[in-house]
Structures are given as structure tokens and as C-alpha cells.
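**Q** From the sequence below, what's the structure:
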Amino acid sequence: MRAARRGWPAALLLAGCALQGAWASSPPRVLVVAQDLDDIVSLDPAEGFELSSMQAFTSLYQRLVQPDPEQPARLLPVLASSWQAGPGSLVFQLRPGASFASGNPVTADDVIYSLSRAVRLNRSPAFILNELGWNAGTVDQHLIRLDEHRVRVTWSTPVGPTFALNVLSATVASIVDRREVEAHARGADAGNRWLHDHSAGSGPFRIRRYIPHEALVLDANPGSPGDAPRLQTIVIRSVPDAATRELLVRVGDADIARDLGPDQLAALRGRPGLVFRQFPSAAIHYLLFNTASRDQPALANPALWQAARWLIDYQGLAHQLLQDQYLVHQGFLAAGFPGALDDTPYHLDIPRARAILHAAGLDHGLTLTLDVFNQAPFLEIAQSLQSTFGAAGIHLVLHPALTGEVYSRVRSHAEQAVWLYWIPDYSDAHSTASAFALNREDGSTSIAGRAGWHIPALSAQTLAAVREADPGRRLADYRRIQAEVQRSSPYVIALQERRELVLRSNVRGYRQGLNADMVYYDQVSK
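**A** Numbers count the residues shown, from 1 in each chain. Now for the predicted structure:
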């Protein structure tokens, strides 16, 4: 506990808030959030692609269009006031009087610079903009300045305006202050090193200070387009240990605690001064088999995939083990998105699984290694799988490791089986369908490719779906594709997250949506 408290007063001093005594409530216009920030690589929206980075971007930056917090499939104008769609193009009218936190006006030049910069930097999230056929050599010809407040955006891929708008709603399409960024550029880095720990946006907050692995401190930007934020300062304190996050919100040193486990939540229930809020999440959890494994050829046998569907205790995981922080969901599109499948045809049925394995000759002591993140709730889920698979004669050897190590093994195809989760990169069905049902066989990464699943026909259907102009037919295409993946594929989609936060009872106005970036502090007050 002593080690956990070290540095905590320093984080508040960064916010200009001296504490009276060892434990005290935060000041009225200062919000203190306890969460783990260790995943942050960069706070440059052209590079940051981690959960904590994306949660911060909505407070720091704005895009031309962004998802409605209540209806993520509906896009709202933000830095754009309107747009006109044409064949292969969109013309955006910028919001009158919009300015960045620096005071510089938002212009068509900033829009062009921001989108071109993200493509040219070519960091992790650039592939989202590549979906429009943009690359370093072509992007500039697709971004045309019509006047100071109008810009035309075009694309070369055979997709419609709705898909293009969804791509432009991703955080990588955030509009940055060109003059501010260029003033801090070093060589040809386009300001990237400076933006690792500074901001240059028009969002409701701006970065005052970022200390990696300790704290991110945000100050209000009262000139942000839209309503001015109600808070003066947000201190997001990096607290990797969930038990410490529980303590901080319990005693009032944190106003919000994120990512608490079932044990911490149970310990806090019924305590005065606390409110529990549960929000839907687009995070989908699934079991993946590496069909290209040289160590275990049975992984390529569809009978194993089918048996595995009957060897997961979906209800027990969701309701007992994970205490309703998850729901049973067996389609790759998260509930809440148009086109999502809501049927759950599979349940724990060990005799049925045994019969499938016997008919395929896989009932002779099969042993599989299961990679899993070395943290809750992933280890607990893996132990449940170990028990139910074992009852059908499949011995699962658990291989827990750090998150980065697990992903490294998956990228190198070294795993046999692995429990993972998926969060969409932008608010369009293609973001997820292209992961689960598309293998381009060209070295590009997708979940299907990492599973070694060769699916030329299904890949063609997925590519046809993104090109379909009729919205109704497009959703029907995605339902058919999901049904095929649900029926027979080397992964078993099992659960969808519901994120539960604990807030002090005086916190008002906090909102959170389905996607990772849909975290809103602009209306929060105390």
C-alpha cells in the first residue's frame, strides 16, 4: 500500500491541487480518474492506437464527423457543419468560427494536413485510412481545398460515401492544428515526437502534462467548438493495481475507478457515497485456433472447431465467474451495431462435443497449449476452459504471459490456441468483418490470416459487402457472413464486455459509448 501511494500527491500537485492530509477528496472542479495508463505508446492521434490513448483522444481532438454517443451507427457533424456526398467524393463545409486550443482557426488546410500527415507517417492506425486507397504517394490528390472552409475528399477504392464517413470518424482522422504542430516539428517527423506528450487539437481539453506510467493531466479548453467543459482539470492517474484503484475510489481520492474486477466491485457494493455505472462495450472475446500450427495438426480439423463450440460454459462465465460484466454473444459484430446477430445457438454440452470428437478420431488424448494474458479475467476464463475441455478428453496446457508476449506469439504463428478480444477500429461493420472473414493471402494481418484460415470464397463475400451501396442489402450480407463464421471457423466467439465503473456519488454527466474512443468528460461536473 505504501508503494501504491507514492507519487499520488505529486499527480494532484501537477493539477494545481494541494491535498490537506494523506487522504482527501479532490477539489470541486477537478476530476481524478484511477486507471492503468501503462499501455500508452503515443498521444499523437496519427500513432496512438492503445485503449488509454484512444479514450483520451475524444477529449483532446475532434474529427469532421463522430459517432453519436447514444447511437454509434449514426454520425454527427463536429468540425464539419455539413457535407454533400457524390460518386466517390464528399464535400465538407467546416463549422463556422471553430478554433483550436491555441486560438488558431480550423481551416481546410488543417483538414488536408491532418489526413495527409496520418497517411504519410504510416504508424499503426494508418491502415484505416488506407481502406480508401490512400497511401503516401496518392493521398494528396484525394484532398482538395475548395476554399478556406470547404474541402473535397475523394477515394479510389470501390466503396460508398457511408463507408468513407465511417473511416473519417476514426481517431486517426482527428484534425490537428497545422501551425502548432509544424512549429514543434523536428526534421521530417511532422511533430510526432512533440505530440507524444502534448496536444494540438480543438477538443474540450488539452494536455497540461503527461508523465508516462504516472499521470495524464488535462486542462479545460473553454473555446472548444460546442459547449465549454464544466470541469477545470482532469487528472488521470496511472494505477496498474485494481485493488489500489478500489481503495482510492472508496476513500474519495479518486472520483472514478476503471477496470475493477469482480472481487473489487463486490467489495464496494453497498458502500455509501458510491455509484455503479455499467456501459456497453464493443469488445468481443473469442477462442482462436492456429490452423497453421506445425506442432498440432488437429487444429486444422473443423471437427475440433465444432466440438469446441459445445465446450465453453458461456452462461457460467458470463453470470457466475464474471458476475454479469459480460454477456453471452456469439456473432462477430457487437450487440448495438446494425447487422449484429443476436442468436446464441451454442451452450455447454460435453456429451455432444465428445461425440463430435469421437466421430473425427480426435478422442485419443488430445493435448493443446492455450496462450492467455497473465491477468484477470483472462486467467479465470482459461481455467474454466481447461476444466470443460478436460471433461471431453482435451488436455489444455495453460501458457500465461504478458499481453505483449501473447500478441508476439500470435503474430509469429507460434501459438496453438489463444483467448483474445477484439475491439472495432471504426464504426462500420467492415472493420470487424475484414478481421474475422477476410484473408487477403498477401501477408497483411487479420484474425483470419493469423488463424491460418484460407477462405477465398468468404473473403470475396466480405469484399463485396463493403462495396454494396444499398444499406439494407449490405446489412443482410454481413448477417450471412457472421452466420457462416459462427457455424464453422477456427474461432469460437463467446462473450461481449459490459464495462462497469465506480463513481463517487457527486459525479454527474459522465458518458461512455460502445467503441474504445467513446469516453466523454465534457459534460462531467461535481
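**Q** for stretch 265-282, how far is the first residue from the last?
**A** 21 Å (Cα to Cα, to the nearest Å).
**Q** again, but for stretch 288-307
**A** For stretch 288-307, the end-to-end distance is 13 Å (Cα to Cα).
**Q** ok, and for that stretch, which residues are buried?
**A** For stretch 288-307, the neighbour count (16 or more other Cβ atoms under 10 Å) marks 288-291, 293, 296, 298-301, 303-307 as buried. For glycine as for every other residue, the C-beta is placed from the backbone atoms N, C-alpha and C.
**Q** what's the farthest-apart pair in those?
**A** Largest separation among the buried residues of stretch 288-307 by Cβ to Cβ: Ser293 and Gln306, giving 18.0 Å.
**Q** ok, the buried residues of stretch 288-307 vs Trp134, which is closest?
**A** Leu288 (30.1 Å).
**Q** so how far is the helix or strand in which that closest one is found from its chain's centroid?
**A** Using DSSP states H and E, Leu288 maps to strand 274-289. Centroid separation for strand 274-289 versus its chain: 11 Å, with Cα atoms, centre = their mean, to the nearest Å.
**Q** and that strand, which strands flank it?
**A** Sheet pairing here is set by DSSP bridges, and for strand 274-289 it gives strand 417-422 (antiparallel), strand 491-504 (antiparallel).
**Q** Redo these as JSON lines? Include mean neighbour count, mean pLDDT and distance to Arg474.
**A** As requested, those are exported to JSON lines (neighbours: other Cβ atoms under 10 Å; pLDDT from 0 to 100; distance: least, Cβ to Cβ, whole Å):
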{"stretch": "strand 417-422", "mean neighbour count": "21", "mean pLDDT": "96", "distance to Arg474": "21"}
{"stretch": "strand 491-504", "mean neighbour count": "22", "mean pLDDT": "96", "distance to Arg474": "21"}
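**Q** Report the angle between the lengthiest helix in the chain and strand 491-504.
**A** Ranked by residue count, the top helix of the chain under DSSP state H comes out as helix 471-487. Helix 471-487 runs at 110 degrees relative to strand 491-504, counting by axes from the mean of the first three to the mean of the last three Cα atoms, to 10 degrees.
**Q** Put the alpha carbons of helix 471-487 into PDB.
**A** The C-alpha coordinates for helix 471-487 follow below in PDB (Å, rounded to 0.1, in the frame of the first residue of the first chain):
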ATOM      1  CA  PRO A 471     -27.700  -0.200 -46.800                       C
ATOM      2  CA  GLY A 472     -30.300  -2.900 -46.400                       C
ATOM      3  CA  ARG A 473     -28.600  -5.400 -48.700                       C
ATOM      4  CA  ARG A 474     -25.200  -4.600 -47.100                       C
ATOM      5  CA  LEU A 475     -26.500  -5.400 -43.600                       C
ATOM      6  CA  ALA A 476     -28.000  -8.700 -44.900                       C
ATOM      7  CA  ASP A 477     -24.600  -9.600 -46.400                       C
ATOM      8  CA  TYR A 478     -22.900  -9.100 -43.000                       C
ATOM      9  CA  ARG A 479     -25.500 -11.200 -41.300                       C
ATOM     10  CA  ARG A 480     -24.900 -14.100 -43.700                       C
ATOM     11  CA  ILE A 481     -21.100 -13.700 -43.300                       C
ATOM     12  CA  GLN A 482     -21.500 -13.800 -39.500                       C
ATOM     13  CA  ALA A 483     -23.700 -16.900 -39.600                       C
ATOM     14  CA  GLU A 484     -21.000 -18.700 -41.600                       C
ATOM     15  CA  VAL A 485     -18.200 -17.700 -39.200                       C
ATOM     16  CA  GLN A 486     -20.500 -18.700 -36.300                       C
ATOM     17  CA  ARG A 487     -21.200 -22.100 -37.800                       C
END
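**Q** Return the distance of it from the chain's centre.
**A** The answer for helix 471-487 is 22 Å, by Cα atoms, centre = their mean.
**Q** how about that helix: buried residues?
**A** So helix 471-487, judged by 16+ other Cβ under 10 Å, has buried residues 474-475, 477-479, 481-482, 485-486.
**Q** and which of those is nearest to Leu115?
**A** Scanning those for proximity to Leu115, where the rule is Cβ to Cβ, the winner is Arg474, at 24.8 Å.
**Q** how about the nearest residue to that closest one, chain neighbours excluded?
**A** Glu468 (4.1 Å; Cβ to Cβ, 6 or more residues apart in numbering).
**Q** again with Trp453
**A** Leaving aside its chain neighbours, Trp453 sits nearest to Pro490 (5.3 Å; criterion: Cβ to Cβ, 6+ apart).
**Q** again, but for Ile312
**A** Counting by Cβ to Cβ, 6+ apart, the residue nearest Ile312 is Ala494, at 5.4 Å.
**Q** And the longest helix of the chain, what does it pack against?
**A** helix 429-436, helix 456-467, strand 491-504 (3 or more Cβ pairs under 8 Å, 6 or more residues apart in numbering; DSSP states H and E).
**Q** Can you verify my assumption that Val106 contacts Ser81?
**A** No. The criterion here is Cβ atoms under 8 Å, and Val106 misses it with Ser81 at 11.0 Å.
**Q** more crowded one of those two?
**A** Val106 (25 against 15; other Cβ atoms under 10 Å).
**Q** wait, what's in contact with that one?
**A** By Cβ atoms under 8 Å, 6 or more residues apart in numbering, the contact set of Val106 is 79, 94-95, 98-100, 175, 202, 225.
**Q** which one of the residues you listed sits closest to Asp522?
**A** Taking Cβ to Cβ as the measure, Asp522 lies nearest Pro225 of those, at 11.1 Å.
**Q** The closest residue to that closest one other than its chain neighbours: neighbour count?
**A** Among residues not flanking Pro225 along the chain, Ala98 sits closest, at 4.4 Å (Cβ to Cβ, 6+ apart). Counted with other Cβ under 10 Å, residues neighbouring Ala98 total 22.
**Q** What of Ala215?
**A** When neighbours are counted by other Cβ under 10 Å, Ala215 registers 23.
**Q** pLDDT value on it, please?
**A** Per-residue confidence (pLDDT) for Ala215: 97.
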